[in-house]
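# Fold the following for me, if possible:
(3 chains)
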Amino acid sequence: MPELPEVEVLKRSLQKKLRFCKIIRIKIYNRNLRYKVPYSINRNLKNHVVNDISRISKYLIFHINFSKKLLIHLGMSGTIHLIENNNKNNTNASFYHSLDLPNKHNHIEISFNNDIKMIYNDPRRFGYFKLLKKNYLLEKPIINLGPDPFGYKFNFEYIKGYIYNKKINIKNLLMDQKFVSGIGNIYSNEILHYCKLRPTKKVNQLSKRNILNIIVQTKKVLNKAIQFGGSSIKDFKKIDGIPANFQKNFKVYGKNNTQCPRHSCSGYIQKVLISNRSSFYCPKCQT
DNA sequence: AAGAGGCCCTGATAGC
DNA sequence: TGCTATCAGGGCCTCT
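The predicted structure is shown next:
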């Protein structure tokens, strides 16, 4: 599910609903995530106010107070949704009821003083919760992350320096979180189609124009996905349980054997495995 | 030492 | 229908 756009959309919804709210109760239903959920989250977070919620790469960070931060990673199948309790006039109330929200794999439930419950659900359990300290930017996993694709550090000189003497292909580079953080399998495929670059292309073959284009198209694709509320594949839902929309805009992801959507291209999208990940591209216009 | 591949886990789907 | 095999969006770890 969650690459940068999905996490960004989630962050914005959480900010609206939970900023400046106090955590009054934490229930841990199942500690088994990628790492055991620390019992200490209760002691550290209960009765504290959430000052802000931010995103770094695919990670959410709850800023609890000056010194305490809660990091949440959604792994492959993690979802967060909110249940608003005493909201009888909410026209969505019956809607929530009919949504058949998942509960079998609910791991953690955090209740706030505004009658909202935040539920973390994760069938495949690749996500995790971790407490970070004041200088969290210097802690793992944040310390290992490359620049945000929207940040000024993601520029031509940086990329040129990074790929110098590297033999990696462009798709794996885009998914390398040390290079640029937040891009996963779906959006790397999409970005490369916009760039007319074959995913297997070695990075030492990239021209200056190619690199500049990668910078522009990366921002474009991710921005558009954010505007559409992210992509819903399988179980990703927006915070209210409603599926997001960007998957309708996919150009290549999951489109094997269909005609290339590029105007005036008559190629057909192919699926290949690159480092054991499904990769989609048009062999005619992506070179 | 960079880069590829295996693996953690469950569920959905396909094929027999 | 009910079995088994295959495949999923991430990222850490190990091996070459």
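# low-scoring stretches of the stretch 151-287 of chain A, by residue?
A:232-238, A:241 (pLDDT under 70).
# interface residues of it facing DNA strand B?
With Cβ under 7 Å from any atom of the strand as the criterion, the stretch 151-287 of chain A meets DNA strand B at residues A:166-169, A:172, A:234, A:275-276. In short, each C-beta sits where N, CA and C put it, glycine included.
# switch the cut-off to 10 Å
For the stretch 151-287 of chain A, the residues in contact with DNA strand B (Cβ under 10 Å from any atom of the strand) are A:162-163, A:165-169, A:171-173, A:175-176, A:178-179, A:200, A:202-204, A:234-235, A:273-277.
# Give me the buried subset of the residues you listed.
Buried by 16 or more other Cβ atoms under 10 Å: A:162-163, A:169, A:171-173, A:175-176, A:179, A:203, A:235, A:274, out of those.
# And the furthest pair within the residues you listed?
A:Ile163 and A:Asp235 (35.0 Å; Cβ to Cβ).
# Restricted to strands, list the buried ones among the residues of the stretch 151-287 of chain A next to DNA strand B.
Among these, DSSP state E puts A:Ile274 in strands.
# Among the buried ones among the residues of the stretch 151-287 of chain A next to DNA strand B, which one sits closest to DNA strand B?
A:Asn172 (4.6 Å; Cβ to the nearest atom of the strand).
# Contacts only, for that closest one.
A:274-275 (Cβ atoms under 8 Å, 6 or more residues apart in numbering).
# again, only this time at 6 Å
Contacts of A:Asn172 were listed using Cβ atoms under 6 Å, 6 or more residues apart in numbering, and they are A:Ser275.
# Any part of stretch A:4-23 near DNA strand C?
Yes. Contact between stretch A:4-23 and DNA strand C, assessed by Cβ under 10 Å from any atom of the strand, occurs at A:4, A:6-7.
# how far is that stretch from where the chain is centred?
Centre-to-centre, stretch A:4-23 and its host chain are 13 Å apart (Cα atoms, centre = their mean, to the nearest Å).
# Equivalent analysis for stretch A:268-282, please.
Using Cα atoms, centre = their mean, the offset of stretch A:268-282 from its chain centre is 21 Å.
# Show the end-to-end separation of it, please.
Using Cα to Cα, to the nearest Å, the end-to-end distance of stretch A:268-282 comes to 6 Å.
# How about stretch A:170-189?
For stretch A:170-189, the first and last residues are 10 Å from each other (Cα to Cα).
# A:Cys285: what's it in contact with?
Here A:Cys285 is in contact with A:196, A:262, A:265, A:267 (Cβ under 6 Å, 6+ apart).
# what about the residue in the stretch 51-200 of chain A that DNA strand C sits nearest to, distance to A:His263?
Closest contact between the stretch 51-200 of chain A and DNA strand C, by Cβ to the nearest atom of the strand, is at A:Gly184 (1.7 Å). Using Cβ to Cβ, to the nearest Å, one gets 27 Å for the distance from A:Gly184 to A:His263.
# These two: who's more crowded?
Taking other Cβ atoms under 10 Å, A:Gly184 and A:His263 do not tie; A:Gly184 has more neighbours (19 against 5).
# quick one: which of the contacts of A:Cys285 is nearest to DNA strand C?
Relative to DNA strand C, the closest of these is A:Gly267; by Cβ to the nearest atom of the strand it sits at 20.1 Å.
# ok, now which ones touch the closest one?
Counting by Cβ under 6 Å, 6+ apart, A:Gly267 touches A:260, A:282-285.
# Chain neighbours aside, what residue packs nearest to A:Asn144?
A:Lys178 (6.1 Å; Cβ to Cβ, 6 or more residues apart in numbering).
# Hmm, A:Pro147 and the one you found touching each other?
No. A:Lys178 is beyond contact range of A:Pro147, at 9.9 Å (criterion: Cβ atoms under 6 Å).
# next one: phi and psi at A:Ile108?
Main-chain dihedrals, A:Ile108, degrees, to the nearest 10: phi -140, psi 140.
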